[in-house]
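> For reference, the sequence and a predicted model appear below.
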Amino acid sequence: MTTGLRSTPTLTCSECSEPIADAGYLPAVERDDGYEPLADAAVCDACGFNEIGMMGCAPELDDVIDPEPDRALLYVTVTDDGVDVVSAKG
């Protein structure tokens, strides 16, 4: 399983339009050399949990993006060095 991002996107929440400065959910396509982020569909931690995923501890992949075999939903944190992948669900 890959653990890093192929590029470091600037993240803005697709629900509330605020910049994602701490943590959020980032759809991505899994590649052999890392995840290719789909930054236009990112959601902040608050919107991702409260507005999309109240049925569990995190949004379901289907709630954020259309499911495809090579897609994953990443939980990410934003650090001074970029975006770190905390966990992946696919």
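Cool, got the structure.
> which stretches of the protein have low pLDDT?
Across the chain, the ranges flagged by pLDDT under 70 are 1-3, 50-69.
> all helices of it, in order?
45-47, 61-64 (DSSP state H).
> Could you find the residue nearest the spatial middle of the chain?
Nearest to the mean C-alpha position of the chain, by CA atoms, centre = their mean, lies Leu26 at 1.2 Å.
> Correct me if wrong: that one contacts Cys44.
No. Leu26 is beyond contact range of Cys44, at 10.4 Å (criterion: CB atoms under 8 Å). In short, each C-beta sits where N, CA and C put it, glycine included.
> what's the overlap in contacts for these two?
Common neighbours of Leu26 and Cys44, using CB atoms under 8 Å, 6 or more residues apart in numbering, do not exist here.
> Could you tell me the end-to-end distance of stretch 12-28?
One end of stretch 12-28 to the other measures 15 Å (CA to CA, to the nearest Å).
> Give the buried residues for it.
Buried positions in stretch 12-28, judged by neighbour count with 16 or more other CB atoms under 10 Å: Thr12, Cys13, Ser14, Glu15, Ile20, Ala23, Gly24, Tyr25, Leu26, Pro27, Ala28.
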